[in-house]
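Asks: build me a model from this:
(one chain, ligands or ions: 1)
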Amino acid sequence: MNQFLSTLVFATAALVVTPGIAQPAAASPAGSQQSGPVGVAAPAPSGSASQAAAGAIRSQNIFDVQPDASTEPGYRDQTNGERAKVQPGNNAPMWRQVSGGITGYSSLPASQAPEAGNLIQGFVDYPFMRETNAGEAWRQVRNRWILPYGAALLGIVVLALALFFLAKGPLGHTHPESERKFERFTPFERAAHWSNAFAFVALATSGLVMAFGKFFLLPVLGLSLAGWLAYALKYVHNFMGPLFAVSLAIIVLTFVKDNIANRADFHWLMKLGGLLGDAQVPSHRFNAGEKGLFWWGITIPGIFVVGSGLVLDKLIPGVGELRGQMQIAHMLHASLALWMVALLIGHIYMGTIGMRGAYRAMKTGYVPEGWALEHHKLWADDIRAGRIPAQRSGDGAPAPERPAAPLQA
Ligand code: HEM
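Replies: Numbering: from 1, shown residues only. Below you'll find the predicted structure:
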């Protein structure tokens, strides 16, 4: 029923908006002699019924359609009006124009409905794809590229981390809590980090359900429950976006200073961070791996994901009114968001089970001196030499189990 109604609405709308296209045969005066190159005569309705029907939309009797009209010269180039004369009821020329992306007349003001005269968008030619209507091209990019390759990327990351964990276990050593402590993250930094992490996990979960839920939740939960879940998570996604945007801006500004590349990072990269050997390569507060993630996994994609998300939420004035803008925003948003999720799975792994003592640093804000020396030797050296304070936050900060003692010679 729904399908029938939408077909009806679509067909009626097409007739209203399509330009330069003659009305279909049914709109031609009832009973008029329809003479085309082949001299087709439409049946003449008679009597008062025909007068009542005059001007009304009437369907065409298929048996009156001239079957061999398609042999006419120039048949393919006929307008809808010309076609109606030789094959009343055949509106193929009109639909050809509609599917060709033509923009027709609409009485709706362009300021309020800029695409009202256009039922089907024009053609686009995306790389690696055949040229087709923008709507269909977007659908194909989503279903044939973003979703399958995004899912494959996430699967590969999870599998690689599982194999890495099985092969190497957690990195680093355990350090006695009795050692003196260095403050690694201030309460402000931790609050910003955890707000951002909370928003990101909510966005990632809801986004993944919206993208892949029909494959893995629908068969288990059934249509109603999976539908309601996706509906609820869409709201979670829409409202978490702004929290993520604000907390992302804060963590980028907070950590940018210590994520600028330097010579030690080059050395770290040349040795692949010591991941293949046993010894850690010396680094400043953050190593090259963390810096790479900061720029290529968080900051740069984050700006585009947030920007395109705000477009999809229609929160940026003047953008997002056109279907083409929404399609581009969606493709950018979905592909970069999946990229971020893939890299942040690696970050979450390292921040929890992948490295001893890392999670504690972000939980309490403090690390034992031995941990600092093992994982970020240049940073620890700077603290020991007094170039960086061991305690950066002021009053109100939770006291470390054992406050950092002044440097002993
Ligand atoms: C949800 C789970 C998460 C956990 C368990 C987690 C854990 C951690 C830990 C333990 C650290 C400290 C690493 C160190 O001491 O060197 C850290 C640092 C950091 N995290 Fe997370 N994190 C999570 C999510 C996120 C998210 C979603 C983002 C951003 C989108 C993020 C951005 C950062 C940044 C920027 C740093 C500082 C390191 C740097 O700037 O290179 N984290 N995280």
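Asks: next one: the residue lying closest to residue 140 once chain neighbours are set aside relative to residue 141, how far apart?
Replies: Leaving aside its sequence neighbours, residue 140 sits nearest to residue 129 (CB to CB, 6 or more residues apart in numbering; 6.3 Å). For every residue, glycine as well, the C-beta is placed using N, CA and C. Distance check for residue 129 against residue 141: by CB to CB, to the nearest Å, it reads 7 Å.
Asks: settle it for me: which of the two has more neighbours?
Replies: For residue 129 versus residue 141, neighbours defined as other CB atoms under 10 Å are more numerous around residue 141 (20 against 14).
Asks: who's the closest spatial neighbour of that one, skipping the chain neighbours?
Replies: For residue 141, the spatially nearest residue (CB to CB, 6+ apart) is residue 331, at 5.6 Å.
Asks: separation between the one you found and residue 181?
Replies: Taking CB to CB, one finds residue 331 at 47 Å from residue 181.
Asks: ok, those two, which is more surrounded?
Replies: Counting neighbours by other CB under 10 Å for residue 331 and for residue 181 shows that residue 181 has the greater number, 23 against 18.
Asks: is the more buried one in contact with residue 371, as I believe?
Replies: No: when contacts are counted by CB atoms under 8 Å, residue 181 is not listed as touching residue 371 (9.4 Å).
Asks: and the residue in the chain positioned nearest to the ligand, what are its phi and psi?
Replies: Of all residues in the chain, residue 351 sits closest to the ligand, at 2.7 Å by CB to the nearest ligand atom. Torsion angles at residue 351 (phi, psi; degrees, to the nearest 10) stand at phi -80, psi -10.
Asks: residues near it, how many?
Replies: Neighbours of residue 351 (other CB under 10 Å): 17.
Asks: need the contact list for it.
Replies: 358-359, 362 (CB atoms under 8 Å, 6 or more residues apart in numbering).
Asks: of the residues you listed, buried ones?
Replies: 358, 362 (16 or more other CB atoms under 10 Å).
Asks: which residues of the stretch 201-350 of the chain fall in helices?
Replies: Under the criterion DSSP state H, counting those that start in this stretch, the stretch 201-350 of the chain carries helices at the ranges 218-221, 223-255, 263-270, 288-292, 300-312, 323-349.
Asks: what does this protein have sitting close to the ligand?
Replies: 184, 193, 196-197, 200-201, 251, 255, 259, 286, 290-291, 294, 298, 344, 347-348, 351-352, 358-359, 361-362 (CB under 6 Å from any ligand atom).
Asks: buried among those residues? Need that as a selection in PyMOL.
Replies: The PyMOL command for the buried members of the residues of the chain next to the ligand (criterion: 16+ other CB under 10 Å) is given here:
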select buried, resi 184+193+196+197+200+251+255+259+286+290+291+294+298+344+347+348+351+358+361+362
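Asks: how near is residue 367 to residue 247?
Replies: Taking CB to CB, one finds residue 367 at 23 Å from residue 247.
Asks: of those two, which one has the most company?
Replies: residue 367 (27 against 20).
Asks: so that one sits in a helix?
Replies: No: the assignment for residue 367, made by DSSP: H, G, I helix; E, B strand; the rest coil, is strand rather than a helix.
Asks: pretty sure it is touching residue 361, no?
Replies: Yes: Residue 367 lies in contact with residue 361 (CB under 8 Å); the separation is 4.8 Å.
Asks: quick check: neighbours shared by the two?
Replies: Common neighbours of residue 367 and residue 361 (CB under 8 Å, 6+ apart) are residue 184.
Asks: residue 314 reaches residue 320, doesn't it?
Replies: Yes: with contact defined as CB under 8 Å, residue 314 counts as touching residue 320 (4.8 Å).
Asks: ok, the two, which is more surrounded?
Replies: residue 320 (17 against 11).
Asks: residue contacts, the more buried one?
Replies: Per CB under 8 Å, 6+ apart, neighbours of residue 320: 311-312, 314, 326, 329.
Asks: of those residues, grab the buried ones for PyMOL.
Replies: In PyMOL, this line selects whichever of the contacts of residue 320 come out buried by 16+ other CB under 10 Å:
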select buried, resi 311+312+326+329
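Asks: and the least confident of the contacts of residue 320?
Replies: The lowest pLDDT within the contacts of residue 320 belongs to residue 314, with 91.
Asks: quick one, what contacts it?
Replies: Applying CB under 8 Å, 6+ apart, the residues near residue 314 are residue 320.
Asks: export stretch 199-219 to CSV, keeping only CA atoms.
Replies: Only the C-alpha atoms of stretch 199-219 are listed here, as CSV (Å, rounded to 0.1, in the frame of the first residue of the first chain):
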residue,chain,number,x,y,z
ALA,A,199,31.3,11.0,23.9
PHE,A,200,33.4,9.2,21.4
VAL,A,201,32.4,5.7,22.7
ALA,A,202,28.7,6.7,22.6
LEU,A,203,29.1,8.1,19.1
ALA,A,204,31.1,5.1,17.8
THR,A,205,28.6,2.6,19.3
SER,A,206,25.5,4.4,17.9
GLY,A,207,27.2,5.1,14.6
LEU,A,208,28.2,1.4,14.2
VAL,A,209,24.7,0.2,15.0
MET,A,210,23.2,2.7,12.4
ALA,A,211,25.7,1.5,9.8
PHE,A,212,25.9,-2.2,10.5
GLY,A,213,23.0,-3.0,12.8
LYS,A,214,20.9,-4.4,10.0
PHE,A,215,23.5,-7.1,9.5
PHE,A,216,24.2,-8.2,13.0
LEU,A,217,21.3,-6.9,15.2
LEU,A,218,18.3,-7.2,13.0
PRO,A,219,18.5,-11.0,12.7
